[in-house]
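Undergrad: Structure, please.
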Amino acid sequence: MAKTLPLYWFLNFLLISTAAISAAGTTCHSGDRDALLKFKAGITDDPSRLLSTWKSTTDCCSAWDGISCDAATGRVITVSRPGVFDDGEGITDTSLSGTISPSLGQLTSLRSLDLNSLKLLTGNIPPVLGDLSNLTIILLNYNNLTGPIPPSFSKLQHLKKLILSENYLSGDIPATLFTPSSPMTELMLNQNQFSGVIPSSIGHLTALQKLDIHKNNIVGGIPESIGNLQQLNYLDLSENRISGGIPASIGKLLKLEIIYLDSNHLSGSIPSSISNLVSLQILRVSDNQLTGGIPTSIGELRQLERLLLENNKLGGELPSSLGGFPNLTDMYLSGNQFTGSIPPSLGNLSKLLTLELSRNKLSGPIPQSLSKLKNLQELSLSFNPLQLGTLPDWLIDMGLFNLMLAGTGLKGQLPAKLSTAKSISTLDLSSNELVGELPHWIGNLAGLYSLNLSNNGFHSGIPEEFKNLNGLMVLDLHGNAFSGKLRPVLAKGVNKPQGQYISLDLSSNNFTGGIDEDIGELLVMKDVRTLVLSANRLGGKIPSSMKKMENLQSLAMAKNELSGEIPVGLLDIPRLTEFDVSDNHLTGEIPPHKAKVPAEGFRGNPGLCGNPLPPCRRG
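TA: Below you'll find the predicted structure:
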């Protein structure tokens, strides 16, 4: 489990430290000292010596790092040994190995326990911590703790912060954890293995400001009682298996600023009460099964900055009120069933950076009012029946970084006006009816990182000017009638660290002339992960240099009239998981290899034999 510490937790650590009562001149309670020494004894590795000052010969109140005591009683009130801290020379990131000793249950005056980000703490949370009735803060996040939340935690009537994020904790969330008049303001259980439902008793946490249960195995619905959490400003229930509808009571959370409900099984419609969330800045409900339309009243969310509803079953026309967000920077509505035209009012979103409307049923034309979006960086309208015909000049003049218009009914040749789009980084015009030659001016688009012209009707060689695309790393030209040799694609310049191919798909074209013998030695191919050359007419042999492409994961060269043997070592590329040379004229024994390549990848080569095909005949 990756362990990273947000700035939030560091600031929280500083807050705890500065709030602790000074223990200068106070003598440590002997029982508390012994309890802490037992905790230290349960630590098997302390690489940064976090506990080095914890010695039986010194006073725990005045000489032990991370310990604060009550000035009057000498009782320990704070234990703070986080794995990320400021040692005066910068931020130190360290760990502790071992378990949390039940001896901490003897610290009956303890108010704050902070053992966050120690990473290698294992075992269960000791149930005796539930007996520490004065506890207000428990920070055990970013560790490797297992087991359930102790039911005894229901006795912690003064607990304000319970932070258990990023462990391996499991079991149900105890319904008894949430009691009437609880002062809890933060509950963070995210990135664990909790199951069961969200208890309706969560509605008792009327002081709660932050609730995060994302990335667990929670099922059931969102309880209606969540509407009682009227101090809530952050809600994250994403990446679970929560079903049912979004309760209308969510509209009572007037202080809510951020809501993540994505990657669940939510169904039904978006409740119109959501328009009451006047403080909302981020609304993310993507990757669910929501139906119905977007409520017209959504335009009342004047503070909204990000709207993410992609990959649902939402339909109907997009309301013009979507143009009423003065602070909106990102709108993701792709992968739904929206119909009708794109509202011209979207041109009023002056701060918009990303507009993602792909994979819907929207009709054209693209409203020219979008030309007012001076800050827009990404426009994706792919796979809508827009029937564009041609690419509007004003769209090219917008200076976009990413333009995706796959499957939008573009026809004819690439417009020469496109040669002026010097800022463009990602260009996807695939699955259209574009024809003709790949123009020489393609080399003018020096900022290209990704180019997808697949599934069109291009028929030409690759022009020499293609070499000027020094930043290009993803190229997909499959499903055209490109011809000639591969060399112009491979002779492309490199502007390190950019410019080396990551993915290259030239399949289903008419390339000839063989695969270049030095393909694996070219700088442009050193980092390629996916190389697809299938269904051309290349002929010749498989170059031995291909085995030098050490990052290759997928290699496909089927249906190419290739002959000769498979080079020794090619199937030993460390990350290779997909390999297809079927339907060629290859001969000889398949070299011994460790890669688990299915027999289908070699079929259609009558002269090939050896694992995973039938063994070769000897003699």
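Undergrad: After the lowest-mean-pLDDT helix or strand in the chain, which helix or strand is next? Please name it.
TA: Within the chain, confidence by mean pLDDT, DSSP states H and E is lowest for helix 7-19 among all helices and strands, at a mean of 43. Sequence-wise, the next helix or strand downstream of helix 7-19 (DSSP states H and E) is helix 30-41.
Undergrad: In that next one, which residues are buried?
TA: Burial within helix 30-41, assessed by neighbour count using 16 or more other CB atoms under 10 Å, is assigned to 32, 33, 35, 36, 37, 39, 40. (C-beta placed from N, C-alpha, C; glycine too.)
Undergrad: For the second one, list the residues it contacts.
TA: To tie it back to what came earlier, the one meant is residue 33. 56, 60 (CB atoms under 8 Å, 6 or more residues apart in numbering).
Undergrad: On the pLDDT front, check it for me.
TA: What the model reports as pLDDT for residue 33 is 97.
Undergrad: Tell me the spacing between it and residue 76.
TA: 8 Å (CB to CB, to the nearest Å).
Undergrad: joint contacts of those two?
TA: With CB under 8 Å, 6+ apart, residue 33 and residue 76 have common neighbours residue 60.
Undergrad: okay, now residue 319: neighbour count?
TA: Residues within reach of residue 319, counting by other CB atoms under 10 Å, total 17.
Undergrad: so it touches residue 298, yeah?
TA: Yes - with contacts counted by CB atoms under 8 Å, residue 319 reaches residue 298, the gap being 7.1 Å.
Undergrad: all helices for this structure, in order.
TA: Per DSSP state H, the chain carries helices over the ranges 7-19, 30-41, 60-63, 393-396, 487-490.
Undergrad: okay, how far is it across stretch 340-353, tip to tip?
TA: 23 Å (CA to CA, to the nearest Å).
Undergrad: For residue 242, give me phi and psi.
TA: Main-chain torsions, residue 242, degrees, to the nearest 10: phi -70, psi 140.
Undergrad: where does it land on pLDDT?
TA: 98.
Undergrad: i'd like the first residue to be 444 from this point on
TA: Shifting the count to begin at 444 puts that one at residue 685.
Undergrad: For it, which non-adjacent residue is spatially closest?
TA: residue 707 (4.2 Å; CB to CB, 6 or more residues apart in numbering).
Undergrad: ok, now residue 1052?
TA: residue 1059 (3.9 Å).
Undergrad: Now do the contacts for the one you found.
TA: Per CB under 8 Å, 6+ apart, neighbours of residue 1059: 1032, 1052, 1053.
Undergrad: How much space separates the first one from residue 989?
TA: For residue 1032, the distance to residue 989 under the criterion CB to CB works out to 18 Å.
Undergrad: which one of the two has more residues nearby?
TA: Comparing residue 1032 with residue 989 by other CB under 10 Å, the one with more neighbours is residue 989, at 22 against 15.
Undergrad: That one against residue 961, yeah?
TA: No - applying CB under 8 Å as the test, residue 989 and residue 961 come out as separate, 10.1 Å apart.
Undergrad: circling back to that earlier point, Throw the buried residues of helix 473-484 into a markdown table and include distance to residue 1016, thanks.
TA: As requested, the buried residues of helix 473-484 are arranged in a markdown table below (distance: CB to CB, whole Å):
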| residue | distance to residue 1016 |
| --- | --- |
| 475 | 59 |
| 476 | 59 |
| 478 | 56 |
| 479 | 54 |
| 480 | 54 |
| 482 | 49 |
| 483 | 49 |
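Undergrad: Give me the pLDDT for the residue nearest to residue 1052.
TA: 91.
Undergrad: now swap in residue 644 and tell me
TA: pLDDT, read off for residue 644, is 97.
Undergrad: What count of nearby residues applies to it?
TA: Neighbour tally, residue 644, other CB under 10 Å: 18.
Undergrad: what's the closest non-adjacent residue to it?
TA: The shortest distance from residue 644 to any non-neighbouring residue, by CB to CB, 6+ apart, is to residue 621 (4.3 Å).
Undergrad: Report the separation between the one you found and residue 604.
TA: 14 Å.
Undergrad: what do you get for residue 997?
TA: 47 Å.
Undergrad: Which one of the two is surrounded by more residues?
TA: residue 604 (20 against 17).
Undergrad: Which strand residues bridge the more buried one?
TA: Residue 604 has the following beta-bridge partners by DSSP bridges: residue 580, residue 629.
Undergrad: OK, contacts around the residue lying closest to residue 957 once chain neighbours are set aside?
TA: Counting by CB to CB, 6+ apart, residue 957 lies nearest to residue 983, which is 3.0 Å off, once chain neighbours are set aside. By CB under 8 Å, 6+ apart, the contact set of residue 983 is 956, 957, 958, 1005, 1006.
Undergrad: With residue 690 instead?
TA: 664, 665, 666, 667, 669, 670, 714.
Undergrad: at 6 Å instead, please
TA: 665, 667 (CB atoms under 6 Å, 6 or more residues apart in numbering).
Undergrad: hang on, the earlier thing: relative to residue 907, which of the contacts of residue 1059 is nearest.
TA: Distance to residue 907 across those (CB to CB) is lowest for residue 1032, with 40.7 Å.
Undergrad: Skipping adjacent residues, who's closest to the closest one in space?
TA: residue 1053 (4.1 Å).
Undergrad: give me the number of residues near residue 935?
TA: There are 22 residues near residue 935, going by other CB under 10 Å.
Undergrad: Surely it touches residue 910?
TA: Yes - counting by CB atoms under 6 Å, residue 910 is a contact partner of residue 935 at 5.3 Å.
Undergrad: Identify the contacts common to these two.
TA: With CB under 6 Å, 6+ apart, residue 935 and residue 910 have no common neighbours.
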